[in-house]
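Undergrad: Could you work out the structure for the sequence below:
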Amino acid sequence: MKKDGRNPAVVPLVPHFLLLCALIALRATVAHDSNQRTTTLANNEETDTINIIEISNRGGSMSKARVYTDVNVLRPKEYWDYESLTVQWGDQDDYEVVRKVGRGKYSEVFEGI
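TA: Okay, the predicted model is just below:
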């Protein structure tokens, strides 16, 4: 052992270890496939959910996040900014809203005649 406390046999291995860790991290799958199955097992009073994820070893696949990282930069703000959206209705001749049928996540449904 050297006077500074480093073992001379271990010091040359540190860069190799860091390189190995970087290669493993780069090789890891970035995004999961859409082939995800959910299996539900019932215990006495509780229900546990086990997610079984199939990991694919395709070399050239990229995650959707990397492919579409700049989608909101390429499109104008009016394309993606739903908070400031104002709906402009045209002239509705002979049309009457009878009742509200339901509501979705992004819409409301009405019955009209």
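Undergrad: When you work out contacts or count neighbours from here on, use the C-alpha atoms and nothing else.
TA: Noted.
Undergrad: so where do the strands sit in this structure?
TA: 36-42, 47-53, 97-103, 108-112 (DSSP state E).
Undergrad: the inter-axis angle of the shortest one versus strand 97-103?
TA: Going by axes from the mean of the first three to the mean of the last three C-alpha atoms, to 10 degrees, strand 108-112 is angled at 150 degrees with respect to strand 97-103.
Undergrad: Show the residue spans covered by the helices in the protein.
TA: In the chain, the helices defined using DSSP state H lie at 13-27, 64-67, 71-74, 77-80.
Undergrad: Between the ones you listed, which has the poorest mean confidence score?
TA: Here the lowest mean pLDDT among the helices of the chain goes to helix 64-67, at a mean of 67.
Undergrad: Turn the helices of the chain into JSON lines, including distance to residue 99 and mean neighbour count.
TA: Formatted as JSON lines, these follow (distance: least, C-alpha to C-alpha, whole Å; neighbours: other C-alpha atoms under 10 Å):
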{"stretch": "helix 13-27", "distance to residue 99": "56", "mean neighbour count": "11"}
{"stretch": "helix 64-67", "distance to residue 99": "41", "mean neighbour count": "10"}
{"stretch": "helix 71-74", "distance to residue 99": "37", "mean neighbour count": "10"}
{"stretch": "helix 77-80", "distance to residue 99": "30", "mean neighbour count": "11"}
